[in-house]
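# Fold the following for me, if possible:
(one chain, ligands or ions: 1)
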Amino acid sequence: MNWDDETPDSATGADPRLVDAGADTEDTAVEAALRPKDLDEFIGQEKVREQLDLVLKAARARGATADHVLLSGAPGLGKTTLSMIIAAEMAAPIRITSGPAIQHAGDLAAILSSLQEGEVLFLDEIHRMSRPAEEMLYMAMEDFRVDVIVGKGPGATAIPLDLPPFTLVGATTRAGLLPPPLRDRFGFTAHMEFYAPAELERVIHRSARLLDVAIDAAGAAEIAGRSRGTPRIANRLLRRVRDYAQVKADGHITVEIASAALGVYEVDARGLDRLDRAVLEALLKLFSGGPVGLSTLSVAVGEERETVEEVAEPFLVREGFLARTPRGRVATPAAWAHLGLAPPQGAPGQAGLFPA
Ligand SMILES: Nc1ncnc2c1ncn2[C@@H]1O[C@H](COP(=O)(O)OP(=O)(O)OP(=O)(O)O)[C@@H](O)[C@H]1O
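The predicted structure is shown next:
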């Protein structure tokens, strides 16, 4: 499984997509209402929950501030939610910021020096912080101290400043990009996995209850199967299906309604959207399943190279529809089956590249 190269559409200039795991403006507005408030309400990620529960309970029993926590995983899997839960479980206030917002060490010093004792500092996209800020963070995490530099050049002096104990919760989609000295300073590291369909069904039932939407089990299963393992996408698809159910039916979500609604939005049974299918169709129909170079494939689809590579391919690879080989992109037997096409004799699947 490789989610490291999932890139939001905003980075590539592509149209916003219903199945993009990054947050859009509507998500930001409704997500607050849908976020689980404590660990018991948080669905799935059993191991992470169990381990975090121990870390927090032990800290509470000692009357201490919890260890620093690093959360890694693809967008939309619940990292922000979990950081808020950590604060709630520790009965501590939370401050939310992100790596790109901290360009200068001084920005970080200002935040750190205004923290209260026990406060949780959530630093999203921690891998995108500037190097000087990162170095200041090392000392802050380890010794609860920062050196504030006053003046410039040879006359510059470092004034040490003690900080109250705090808990840093860092979130990253790319744990591999964190420098080891930073990674090592976290007492607890949790890797968040994509959710199983049964877990997403529970997310959908819970959100439907909060949004006051009637949905049956098969309807929830239908939406879950198209949500790409991601609660944010599940919640977003639920809202679009709710619209359809209200306009075209009596508001109740059944499997037929869910399937018809997501058909309108071109999200298919496995969660592929128009772009994903266009890439697969070009690969199968124009190039007999490959191998074909990325540039050629992109021209055939009428999209930028980056869009195909960074927006469509990661999910197709993750789902086992497409492989990136040294000779080019190759469709797997699952891709032929998904589009209901028969692979020609000699297609990669037949040639033993992908054993059945
Ligand atoms: N385990 C879960 N149970 C129920 N709902 C969840 C769970 N995880 C995430 N969600 C819901 O999914 C949405 C997105 O979650 P969140 O913002 O925490 O993701 P994230 O990993 O921080 O994403 P990003 O990295 O893009 O900020 C929220 O509305 C949240 O309520």
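
# check contacts around the residue in the chain positioned nearest to the ligand.
Proximity of the chain to the ligand (Cβ to the nearest ligand atom) peaks at residue 78, 2.6 Å away. Placement of C-beta: from N, CA and C, glycine included. Applying Cβ atoms under 8 Å, 6 or more residues apart in numbering to residue 78 gives the contacts 42, 45, 192, 231.

# do residue 19 as well
With Cβ under 8 Å, 6+ apart, residue 19 has these contacts: 226, 228, 233, 237, 267, 271-273, 276, 315.

# at 10 Å instead, please
Contact analysis of residue 19 by Cβ atoms under 10 Å, 6 or more residues apart in numbering lists 226-228, 230, 233, 236-237, 262, 265-268, 271-276, 315.

# measure the closest residue to residue 172 other than its chain neighbours to residue 100 for me?
Spatial nearest neighbour of residue 172, excluding adjacent residues (Cβ to Cβ, 6 or more residues apart in numbering): residue 127 at 4.7 Å. Using Cβ to Cβ, to the nearest Å, one gets 10 Å for the distance from residue 127 to residue 100.

# what about those two, which has more around it?
Neighbours per residue, other Cβ atoms under 10 Å: of residue 127 and residue 100, the larger number sits with residue 127, 19 against 11.

# The more buried one: what secondary structure?
helix (DSSP: H, G, I helix; E, B strand; the rest coil).

# Confirm for me that it is in contact with residue 176.
Yes - at 8.8 Å, residue 127 and residue 176 qualify as touching, with contact defined as Cβ atoms under 10 Å.

# Need the overlap of contacts for the two.
residue 72.

# need the contact list for the residue nearest to residue 211 when sequence neighbours are not counted.
For residue 211, ignoring the flanking residues on the chain, the nearest one in space by Cβ to Cβ, 6+ apart is residue 242 at 6.9 Å. Neighbour list for residue 242: 207-208, 211-215, 251, 253, 257-258, 261 [criterion: Cβ under 10 Å, 6+ apart].

# looking at the residues you listed, which has the most residues close by?
Going by other Cβ under 10 Å, residue 258 tops these with 29 neighbours.

# That one reaches residue 226, doesn't it?
Yes - assessed by Cβ under 10 Å, residue 258 is found in contact with residue 226 at 8.3 Å.

# Quick check: residues of the protein near the ligand?
For the chain, the residues in contact with the ligand (Cβ under 6 Å from any ligand atom) are 22-23, 31, 34-36, 42-44, 75-81, 124, 203, 231-232, 235.

# For this protein, list the residue farthest from the centre, please.
residue 155 (45.3 Å; Cα atoms, centre = their mean).

# can you pull the pLDDT of that residue?
pLDDT, residue 155: 86.

# The one 5 residues further on now?
We note a pLDDT of 89 for residue 160 in this prediction.

# Over to residue 15?
57.

# swap in residue 20?
86.

# center of this protein, which residue is that?
In the chain, the residue lying closest to the centroid (Cα atoms, centre = their mean) is residue 75, at 1.3 Å.

# out of the contacts of residue 78, who has the most neighbours?
Using other Cβ under 10 Å as the neighbour criterion, residue 231 leads these with 29 neighbours.

# unless I'm mixing things up, that one is touching residue 193, no?
No - counting by Cβ under 10 Å, residue 231 sits too far from residue 193 to count as a contact (11.9 Å).

# Distance from the chain centre to stretch 299-313, please.
The chain centre lies 20 Å from the centre of stretch 299-313; the measure is Cα atoms, centre = their mean, to the nearest Å.

# that older thread, the residue nearest to the centre of the chain is in contact with residue 194, isn't it?
No - Residue 75 is beyond contact range of residue 194, at 11.3 Å (criterion: Cβ under 10 Å).

# contacting residues around the residue nearest to residue 172?
Residue 127 touches 72, 99, 134, 170-179, 182, counting by Cβ under 10 Å, 6+ apart.

# Just the ones of these in helices?
134, 182 (DSSP state H).

# Just put the contacts of residue 127 in TSV and tack on pLDDT.
Formatted as TSV, the contacts of residue 127 follow (pLDDT from 0 to 100):
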residue	pLDDT
72	95
99	93
134	91
170	97
171	97
172	95
173	89
174	83
175	82
176	83
177	83
178	89
179	90
182	91
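
# What about residue 254, how many residues nearby?
18.

# er, residue 139 actually
Residues near residue 139, counting by other Cβ under 10 Å, number 16.

# Could you do residue 107 as well?
Neighbours of residue 107 (other Cβ under 10 Å): 16.

# coming back round to it: rebuild the contacts of residue 242 as JSON lines, extending it with pLDDT and secondary structure.
As requested, the contacts of residue 242 are exported to JSON lines (pLDDT from 0 to 100; DSSP: H, G, I helix; E, B strand; the rest coil):
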{"residue": "207", "pLDDT": "97", "secondary structure": "helix"}
{"residue": "208", "pLDDT": "97", "secondary structure": "helix"}
{"residue": "211", "pLDDT": "94", "secondary structure": "helix"}
{"residue": "212", "pLDDT": "94", "secondary structure": "coil"}
{"residue": "213", "pLDDT": "95", "secondary structure": "coil"}
{"residue": "214", "pLDDT": "96", "secondary structure": "coil"}
{"residue": "215", "pLDDT": "97", "secondary structure": "strand"}
{"residue": "251", "pLDDT": "93", "secondary structure": "coil"}
{"residue": "253", "pLDDT": "97", "secondary structure": "strand"}
{"residue": "257", "pLDDT": "97", "secondary structure": "helix"}
{"residue": "258", "pLDDT": "97", "secondary structure": "helix"}
{"residue": "261", "pLDDT": "96", "secondary structure": "helix"}
